[in-house]
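[1] Give me a model of this one.
(one chain, ligands or ions: 2)
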Amino acid sequence: MTRHFLRDDDVTPEEQRAILDLAETLKKDRFGTKPLAGPQTVAVIFDKSSTRTRVSFAVGIADLGGNPLIISTANSQLGGKETASDTARVLERQVAAIVWRTYAQSGLEEMARGTTVPVINALSDDFHPCQLLADLLTIREHRGELAGLTVTFLGDGRSNMAQSYVLACAVAGIHVRVASPADYAPDDAVVADADAIAARTGGSVVLFTDPIESVAGADVVVTDTWVSMGKEDEKAERLTRFGQYQVTTELMALAKPDALFLHCLPADRGFEVTAEVIDGPQSVIWDEAENRLHAQKALMAWILDQD
Ligand code: CP
Ligand code: NVA
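    Numbers count the residues shown, from 1 in each chain. Ligands and ions are numbered 1, 2, ... in the order given. Okay, here's the model as predicted:
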């Protein structure tokens, strides 16, 4: 059966570990495997802006011996003009996989139902699972074994990054905390799914409204923009509501002394994080951005190898 990667729990703990192991191998031997030799084409579709995702998929597909076909919705028939399932039927006869950055998670689900080739979520309103593979790879490089670590995400708990942290960390056996205003907490259904996974992996999910309590003793502190793509109309409200969740040097001091700081980028310095933290010694954001390449190559190689 075709495997898709639409959310972080579309892989088991064993599969997540295997993908991260492969990413580590590919990072050491960048051109060592060519599962897309032919070359086969991978379609990478963008309904929203991107720098890291666009570059890392284009470079990664080429590294794997394939041909990246980057499509902007603005000049394609997708996006109101043609359904996701019709697009999928057209693409599957010509490409090895479909990577899609879009708004509604339901669009990705429709695309996946309609096609025989793997569909990969390159960010939706609800999840950013490719970023989480890169983040977990980065944390593993700096801290070793993931299971048992404590990771705190602060800010917009309903965002794609927060919700992917909740799921991916549960899969990895990490204790994940999310600090946000109560009405911006992760979706109940996502937390329930993560709780069920964490019960098997030894991880846990705890929601906070108090940023100070949430970072106490954390191994990793993470934040993301307060104004995700598609939420621009709510900017003024969000800057007010999330103000107390800014990651500052004082807040970092409450986590473990060697705690890592991660941010998927792009960042708004002076809003969700101070320049002192994001550009300081605990920040591993450049490793994190580079690891998009290695993690996604591993994901593509792994998913194309599934029956
Ligand atoms: N982190 C991330 O997905 O960045 P882009 O929006 O630049 O792709
Ligand atoms: N939460 C952000 C992530 C950008 C990579 C957004 O959706 O805009």
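[2] Contacts made by the helix or strand hosting V178 with the rest, please.
    Using DSSP states H and E, V178 maps to strand 175-179. If you take C-beta atoms under 8 Å, 6 or more residues apart in numbering as the criterion, strand 175-179 is touched by 148-155, 157, 162, 165-166, 169-170, 185-186, 194, 203-211, 213-215, 218, 245. Yep, even glycine has a C-beta here, placed from its N, CA and C like the rest.
[3] Tell me the buried residues in the helix or strand following that strand?
    Following strand 175-179 in sequence order, the next helix or strand is helix 188-201 (DSSP H and E). For helix 188-201, the neighbour count (16 or more other C-beta atoms under 10 Å) marks V190, V191, D193, A194, I197, A198, T201 as buried.
[4] Same question for stretch 264-271.
    C264, L265, A267, F271.
[5] Next, the contact list for whatever residue of the stretch 201-307 of the chain ends up closest to ligand 1, please.
    Residue nearest to ligand 1 within the stretch 201-307 of the chain (C-beta to the nearest ligand atom): C264, separated by 3.8 Å. Going by C-beta under 8 Å, 6+ apart, C264 touches R52, H128, Q131, D135, M161, D224, E288.
[6] ok, now with 7 Å
    H128, Q131, M161, D224 (C-beta atoms under 7 Å, 6 or more residues apart in numbering).
[7] What helix or strand is the second one located in?
    It stands for Q131. According to DSSP H and E, Q131 maps onto helix 129-143.
[8] Pull the number of nearby residues for the residue lying closest to Q246 once chain neighbours are set aside.
    Excluding its sequence neighbours, the residue lying closest to Q246 (C-beta to C-beta, 6 or more residues apart in numbering) is E272, at 6.2 Å. As a burial measure, E272 scores 24 neighbours (other C-beta atoms under 10 Å).
[9] Domain boundaries for this structure, per the record?
    4-128+292-305, 131-288 (the TED database).
[10] The last one near ligand 2 at all?
    What it means is domain 131-288. Yes - using C-beta under 6 Å from any ligand atom, domain 131-288 reaches ligand 2 at S159, N160, M161, D224, T225, S228, M229, C264.
[11] For N75, state which of those residues is nearest.
    Checking the residues of domain 131-288 next to ligand 2 against N75 with C-beta to C-beta, the nearest one is M229 at 18.5 Å.
[12] Under a three-state scheme, what state does the closest residue to that closest one other than its chain neighbours occupy?
    Leaving aside its chain neighbours, M229 sits nearest to K48 (4.7 Å; criterion: C-beta to C-beta, 6+ apart). Here K48 is recorded as coil under DSSP: H, G, I helix; E, B strand; the rest coil.
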